[in-house]
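S.K.: Could you look at this predicted model? Sequence included:
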Amino acid sequence: MPSFVPDLPVMLAFAVAAIVLAITPGPDMALFISRTVNYGRAHGIAAVLGALSGLVVHISLAAFGISLLLVAAPAAFFALKVAGALYLAFLAIQAIRASGGLTIAEKARRAPTVTQSYLTGVGINLTNPKVVLFFVTFLPQFVSRTDPAASGKLLFLGAEFLVLSLPIVVAIVLGAEWIAGILLKSELAQRLLNWSFAAVFAGFAVAILAVEGRR
């Protein structure tokens, strides 16, 4: 197996995290549903592709930046992992406190072009500080500080995230009207989702801190 390919347990653990993150309500999901409901599926798909393009930039920067950090500052890398655990705990608290995860935008007077929907998708991830924080603090949890192939493995996991996320968000776009009706009109559905997300984020945070505490 090539050195840049993580072990199977790592890939499976990251796959679970990627799927949870892909279905977590946020500004990107709101954009996908909004463009689909208001302007059609082509706009929803365009927004999805734009958002994924933005993620490619974040993944590349995180992978190469973190790989340099592994070599130059082991203590900083340790602090980064702990910060990642704390950030996941913060997301868990935010999910519990949230009254609802989605807000659909009002339909604009003038419909955007498909290209504009794509660029909006790019922008919503490039300019979202939470996305930056997530990829900088979450990806390191799945690599070892002493692994010489850490950079390649980070890129591999980033690609895994994109591959797993794409069919999920496309399915969301295709079923946008139905999903919007459930998530936006049912307070119970939103609360159940938020508590589920909180449990997963908290679980990862505890696992990360427990591993670091034993080292």
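M.R.: Received it, and whenever you're ready, just let me know what you need. Residues are numbered from 1 along each chain as shown.

S.K.: Need the residues that contact the helix or strand containing residue 22.
M.R.: Applying DSSP states H and E as the criterion places residue 22 in helix 8-23. For helix 8-23, the external contacting residues (CB atoms under 8 Å, 6 or more residues apart in numbering) are 6, 134, 138, 142, 157, 160-161, 164-165, 168-169, 172, 197, 200, 204. (Each C-beta comes from the backbone N, C-alpha and C, glycine too.)

S.K.: In terms of secondary structure, what does the longest helix along the chain contact?
M.R.: For the chain, the helix with the greatest residue count under DSSP state H is helix 41-72. Packed against helix 41-72 by the contact rule (3 or more CB pairs under 8 Å, 6 or more residues apart in numbering; DSSP states H and E) you find helix 27-39, helix 74-97, helix 114-126, helix 129-138, helix 150-174.

S.K.: deepest of these, which one?
M.R.: Ranked by mean neighbour count, the helices and strands packed on helix 41-72 are led by helix 27-39 with a mean of 23 (mean count of other CB atoms under 10 Å).

S.K.: That one - what's its average pLDDT?
M.R.: Here helix 27-39 scores 80 as its mean pLDDT.

S.K.: report the angle between the axes of that helix and helix 150-174?
M.R.: Computed by axes from the mean of the first three to the mean of the last three CA atoms, to 10 degrees, the angle separating helix 27-39 from helix 150-174 equals 30 degrees.

S.K.: tilt between helix 27-39 and helix 8-23?
M.R.: 50 degrees.
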